[in-house]
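J.: Return a 3D structure for these sequence lines:
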Amino acid sequence: MSNAVAAADLAALHEKTAGLPEIRISEVVLQTAQFERMTQWYEAVLGNSWSVINTPKDISVTQRATANGNKQVRASDVRSSFMFIDRSLPYGQLFAIFEIPFVGASPTTDPGLNHMQFKHVDIPALIERVKLLEEHEIVPHRCSNHGPITSFYFYDPDKNIVELCSNNFQTQEAFLGYFQSEAYRSNPSGIELDYKEFIARFDSGAPIEELVRIP
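T.: Residues are numbered from 1 along each chain as shown. A predicted model of the protein is given here:
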């Protein structure tokens, strides 16, 4: 099948699926060779506990399941942990970690996940978490005001990028409206921030509206 035909087929498929009931991302699963460290790190950073933890009774089950570089495994075949982010039906949200013994650390040149985003209820809640992480020597490698949101970026123990963020606007109308603004069209990435300076301004009492305003 040529690229042109494939593109046409995908366009036709999109027209059909656009009429289906909406879907949402309901699960993200990371794979790791350092299961204990990764599960402890995410539990500490997110402030949430693992809801389900599975450990195969026989290590040979894992060895067979992951033989020949296979990553398509059943949760019961490997050590796995599941954390509920949202329990509401019909969607809900789960975050999980699977132990795949042969995988290396990110980043790699392979296609796949670029980063994950965890959104906070507001800027003060985001800053409170960042401060707590800093006390335990978990510090962001990047901080950005993207316009609609402000984000702090961290590396997990496997070097996956974890984005902790909050909306810069209090209403849905203002949040969605920013994407239609000239400010967003001219600068969709926003500006880079010094995270310590940003937190210092917050601690000094700067209004949130001033903190998140892009010059």
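J.: show me what contacts the residue nearest the centre of the chain?
T.: Per C-alpha atoms, centre = their mean, the C-alpha nearest to the average position across the chain is that of Met116, at 1.8 Å. Contact criterion C-beta atoms under 8 Å, 6 or more residues apart in numbering gives Val28, Asn160, Ile161, Val162, Glu163 as the residues in contact with Met116. Any C-beta I mention is one placed from the backbone N, CA and C, and that applies to glycine too.
J.: Now it: which helix or strand?
T.: Per DSSP states H and E, Met116 falls inside strand 115-120.
J.: Now do the buried residues in the next helix or strand after that strand.
T.: Read in the C-terminal direction, the helix or strand following strand 115-120 is helix 123-135, with elements assigned using DSSP H and E. By neighbour count, with 16 or more other C-beta atoms under 10 Å as the criterion, the buried positions of helix 123-135 are Ile123, Leu126, Ile127, Arg129, Val130, Leu133.
J.: and if you look at stretch 16-32?
T.: Buried positions in stretch 16-32, judged by neighbour count with 16+ other C-beta under 10 Å: Leu30, Gln31, Thr32.
J.: Looking at this protein, which helix is longest?
T.: Taking DSSP state H as the assignment, the helix of the chain that covers the most residues is helix 3-17.
J.: can you give me how far that one is from the chain middle?
T.: 29 Å (C-alpha atoms, centre = their mean, to the nearest Å).
J.: Report the backbone C-alpha coordinates of that helix in PDB.
T.: Extracted in PDB, the C-alpha atoms of helix 3-17 (Å, rounded to 0.1, in the frame of the first residue of the first chain):
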ATOM      1  CA  ASN A   3       1.700   6.300   1.300                       C
ATOM      2  CA  ALA A   4      -0.900   8.200  -0.800                       C
ATOM      3  CA  VAL A   5      -3.400   5.400  -0.500                       C
ATOM      4  CA  ALA A   6      -2.700   5.000   3.200                       C
ATOM      5  CA  ALA A   7      -3.200   8.700   3.800                       C
ATOM      6  CA  ALA A   8      -6.500   8.600   1.900                       C
ATOM      7  CA  ASP A   9      -7.700   5.600   3.800                       C
ATOM      8  CA  LEU A  10      -6.800   7.300   7.100                       C
ATOM      9  CA  ALA A  11      -8.700  10.400   6.100                       C
ATOM     10  CA  ALA A  12     -11.700   8.400   5.300                       C
ATOM     11  CA  LEU A  13     -11.500   6.500   8.600                       C
ATOM     12  CA  HIS A  14     -11.200   9.800  10.500                       C
ATOM     13  CA  GLU A  15     -14.500  10.900   9.000                       C
ATOM     14  CA  LYS A  16     -16.100   7.800  10.400                       C
ATOM     15  CA  THR A  17     -14.600   7.700  13.800                       C
END
